[in-house]
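Colleague: Predicted model follows, preceded by the sequence.
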Amino acid sequence: MSGRAQASGSRRLGWLWLPLLLCFSFLYVPIVALVVMSFNSGKSALNFSGLSLRWYPELFRDGDLGEALLNSLLVAVGCTLVSTVLGTMLAVGLVRHTRSTALDSLVMAPAILPDLMMAIGLLSFFAAVGVSLGLATVALAHAAFGTAFVVAVVRARLVQLDRSLEEASQDLGAGWFTTFTRITLPSIAPAVAAGSLLAFTLSIDEFVIAFFTNGPTSPTLPIEIYSRVRFGVTPEINALATILLAVSAIAVVVVAVAVGRTEDGDD
Amino acid sequence: MSHPVAPAPAPAARTRDRHRLLEKVVLLGPGLLFTAVFVAVPVLLVLSYTVFDRGRFGGVVYEFGLDNFTRAFEPTYRKVLVSSIWIAGLTTLIALVLGYPVAYAIAKLPDRWRNVCLVLVVVPFWTNFLIRTYAWIMLLNTQGIVNDALVGVGVVDEPLTLLYTRGAVVTGLVYAYLPLMILPIYASVARLDVELREASANLGATRFATFVRVTLPLSLPGVVTGCIFVFVPSLGNFVVPELLGGGKSVMVGNLIRDQFLKARDWPFGATLALCMVVFLIALFAIQSLVSRRYAVEGDR
């Protein structure tokens, strides 16, 4: 495989470097501009008047932002717990115990439905049931789609798994629960971890569903950002954006390196 | 799942069957119940709202009627629906034209550079969506960088009105979803057998002919998937039209949001959402047709 990839890669790119260059400038010029402006000494996010770090300490003194971040973390932890447990059990159940495509579509529906549809549905549902909106309703709403993503990740691992170990365990007299906790679960553990990480990230970042299912008093971070961004551009938001950018860039690179390493290990 | 009636199973087999059933219920039960309550019921609830009326103070009055549907196709709202489809379509087209050559180029890179490029494509996508949109407010402003550059180079004398236009909305949407176009196309191009292209070249086809007759058709499933991945979130988006389009180019997402959170006419909002989803389902049907057709041809 790698030999062939090498062979195709060694051929010249020709004019194809041009779209690559254009694409990466398009993707990164806004980001670079955002980062540069966060170091602006002036109050404007548009005219650069000198280097300064003043907006970063400002950010940490901003209590509303801190509270919003805490709210987001609470929601994401709740969402991750529910999605990981339910999603892992569902994935095992779907792979081992049923071939029903109807159940399958039901479980995967939230990953495919437009977020706005989920948002108005959950708002209507919470209103109909009479639950007052708040962080708990956001966490439940996020778990509704988080579960689907955990199922997708765990299932992809399960179908590759050799079943002979589980069969051996049962032939040796272990009950299904013991087999599940001692054999199945450890072998899918990396996928479960990846799935829960995905659920956590998606929840931290999610805006639309949170916007509809949240109460007025406890905004999550994206909701807080939204309400600030609507009133124009400030260097403080640039500083916040830079920190968020750094966090997600580091996360993506770490995951990419980790994945690359496991793939190398498999060879 | 119904078990065929076996003639008097051995007791051991019966216990095993009972254990399997218990295992199935324990594993699937909680998740299915959760999904039913928080996905199926809410969606069905919204669908049911489409045939009811709004109450005088918001809320829903349960009197059957199809008024919402006739209202959704009145000129005012029809215009919004059509313009949303147009904006989402244009976004998809531009993302395809930009994304295809990029995906193709990445697939041709040596392994090491290929992974670097893929990470570079993904990083902006994992950055908060609002932050990415905010960056364009900054860039497209009359005193923003794009205008500074245009005036500086001498392309225009006066700064242009770039922000709060339809073009700004399309730019923001392309920026937000371009990675979703590149990745599926990359996946389908990277999977292509090099041998097929070499065979085509050996048989005397020019590189252009090889591309048009071999590479492009075989990457079509990736193209269709990418188009769906870009079109679907673009159509229902209300953040980009609000932040980059001002109030001027309202899309159906804004309309639905307003019906639920401002006008408090939930039945009408639900009807607009249903129109949007029906349109999307039609697209999914086309996608599955295309991918099935090409999957079969690929197997031959």
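Modeller: Ah, there it is. Numbers count the residues shown, from 1 in each chain, chains lettered A, B, ... in the order given.
Colleague: any low-confidence regions in chain A?
Modeller: A:1-12, A:44-47, A:260-267 (pLDDT under 70).
Colleague: where along it do the helices fall?
Modeller: A:2-10, A:17-38, A:55-61, A:63-97, A:101-112, A:115-129, A:135-158, A:164-171, A:176-179, A:185-205, A:208-213, A:221-229, A:235-266 (DSSP state H).
Colleague: And the stretch 201-300 of chain B, by the same measure?
Modeller: Applying DSSP state H, counting those that start in this stretch to the stretch 201-300 of chain B gives helices spanning B:207-210, B:216-218, B:220-235, B:239-245, B:252-261, B:266-299.
Colleague: Measure how the longest one sits relative to helix A:115-129, angle-wise.
Modeller: In other words, helix B:266-299. Between the axes of helix B:266-299 and helix A:115-129, defined by axes from the mean of the first three to the mean of the last three C-alpha atoms, to 10 degrees, the angle is 140 degrees.
Colleague: Helix B:266-299 vs helix B:220-235, what angle?
Modeller: Using the same axes, to 10 degrees: helix B:266-299 against helix B:220-235 is 170 degrees.
Colleague: Now do the phi/psi pair for the residue in the stretch 151-300 of chain B positioned nearest to chain A.
Modeller: For the stretch 151-300 of chain B and chain A, the shortest gap (C-beta to the nearest C-beta) falls at residue B:236, measuring 4.1 Å. In this view, the C-beta of every residue, glycine as well, is placed from N, C-alpha and C. Backbone torsions of residue B:236, given as degrees, to the nearest 10, read phi -90, psi 0.
Colleague: What is the neighbour count of it?
Modeller: Per other C-beta atoms under 10 Å in any protein chain shown, the neighbour tally for residue B:236 reads 25.
Colleague: hmm, back to that, make JSON lines out of the helices of the stretch 201-300 of chain B and add distance to residue B:52.
Modeller: Listed next are those as JSON lines, based on distance: least, C-beta to C-beta, whole Å:
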{"stretch": "helix B:207-210", "distance to residue B:52": "58"}
{"stretch": "helix B:216-218", "distance to residue B:52": "48"}
{"stretch": "helix B:220-235", "distance to residue B:52": "25"}
{"stretch": "helix B:239-245", "distance to residue B:52": "28"}
{"stretch": "helix B:252-261", "distance to residue B:52": "13"}
{"stretch": "helix B:266-299", "distance to residue B:52": "5"}
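Colleague: Same list, those, but as a markdown table with mean neighbour count and mean pLDDT please.
Modeller: Listed next are the helices of the stretch 201-300 of chain B as a markdown table, based on neighbours: other C-beta atoms under 10 Å in any protein chain shown; pLDDT from 0 to 100:
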| stretch | mean neighbour count | mean pLDDT |
| --- | --- | --- |
| helix B:207-210 | 13 | 77 |
| helix B:216-218 | 16 | 80 |
| helix B:220-235 | 23 | 89 |
| helix B:239-245 | 24 | 89 |
| helix B:252-261 | 22 | 89 |
| helix B:266-299 | 16 | 80 |
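Colleague: Residue B:161 - that's part of a helix, no?
Modeller: No. Going by DSSP: H, G, I helix; E, B strand; the rest coil, the assignment for residue B:161 is coil, not a helix.
Colleague: Need the per-residue pLDDT for it.
Modeller: Per-residue pLDDT puts residue B:161 at 78.
Colleague: Share the number of residues neighbouring it, please.
Modeller: 12.
Colleague: Hmm, residue B:142 and it touching each other?
Modeller: Yes. Residue B:161 lies in contact with residue B:142 (C-beta atoms under 8 Å); the separation is 6.8 Å.
Colleague: Count the residues that sit near residue B:83.
Modeller: Around residue B:83 there are 16 residues (other C-beta under 10 Å).
Colleague: So for it, what's the pLDDT?
Modeller: 89.
Colleague: What distance do you get for it to residue B:287?
Modeller: The gap separating residue B:83 from residue B:287 is 23 Å, by C-beta to C-beta, to the nearest Å.
Colleague: Need the residue closest to the centroid of chain B.
Modeller: Closest residue to the average C-alpha location of chain B: residue B:232 at 2.8 Å, with C-alpha atoms, centre = their mean.
Colleague: Distance-wise, check it relative to residue A:64.
Modeller: From residue B:232 to residue A:64 the distance is 33 Å (C-beta to C-beta).
Colleague: which bits of the stretch 151-300 of chain B sit near chain A?
Modeller: By C-beta under 8 Å from any C-beta of the partner chain, the residues of the stretch 151-300 of chain B that approach chain A are B:175, B:178, B:182, B:194, B:232-233, B:235-236, B:238-239, B:242-243, B:253, B:256-257, B:260-261, B:266, B:269-270, B:273, B:276-277, B:280.
Colleague: so which strand or helix has the nearest residue to residue B:229 once chain neighbours are set aside?
Modeller: Distances taken as C-beta to C-beta, 6 or more residues apart in numbering or on different chains put residue B:180 closest to residue B:229, at 3.9 Å, once the chain neighbours are dropped. Taking DSSP states H and E as the criterion, residue B:180 maps to helix B:166-191.
Colleague: Quick one: mean pLDDT for that helix?
Modeller: Helix B:166-191 comes out at a mean pLDDT of 91.
Colleague: by contact count, what packs against it?
Modeller: Under the contact definition 3 or more C-beta pairs under 8 Å, 6 or more residues apart in numbering or on different chains; DSSP states H and E, helix B:166-191 sits against helix A:17-38, helix B:75-108, helix B:111-125, helix B:129-140, helix B:220-235, helix B:239-245.
Colleague: okay, those helices in a markdown table with distance to residue A:76 next?
Modeller: Converted to a markdown table, those look like this (distance: least, C-beta to C-beta, whole Å):
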| stretch | distance to residue A:76 |
| --- | --- |
| helix A:17-38 | 23 |
| helix B:75-108 | 29 |
| helix B:111-125 | 18 |
| helix B:129-140 | 16 |
| helix B:220-235 | 21 |
| helix B:239-245 | 20 |
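Colleague: Any idea which of those helices gets closest to residue A:167?
Modeller: Smallest distance to residue A:167 across these (C-beta to C-beta): 35.9 Å, for helix B:220-235.
Colleague: one step back: so for the helix holding residue B:180, what gets flagged as buried?
Modeller: B:166-190 (16 or more other C-beta atoms under 10 Å in any protein chain shown).
Colleague: Kindly report the same for stretch A:209-229.
Modeller: For stretch A:209-229, a neighbour-count test (16+ other C-beta under 10 Å) marks A:209-214, A:218-226, A:228-229 as buried.
Colleague: How far off centre is it?
Modeller: Mean C-alpha position of stretch A:209-229 versus that of the full chain (C-alpha atoms, centre = their mean, to the nearest Å) differs by 17 Å.
Colleague: ends of it, how far apart?
Modeller: 18 Å (C-alpha to C-alpha, to the nearest Å).
Colleague: is it up against chain B anywhere?
Modeller: Yes. Stretch A:209-229 comes into contact with chain B (C-beta under 8 Å from any C-beta), by way of A:212, A:222, A:225-226, A:229.
Colleague: on that earlier part again, just give the closest residue to the residue nearest to the centre of chain B, not the sequence neighbours.
Modeller: Spatial nearest neighbour of residue B:232, chain neighbours left out: residue B:280 (5.8 Å); criterion: C-beta to C-beta, 6+ apart.
Colleague: With residue A:35 instead?
Modeller: Among residues not flanking residue A:35 along the chain, residue A:242 sits closest, at 4.9 Å (C-beta to C-beta, 6+ apart).
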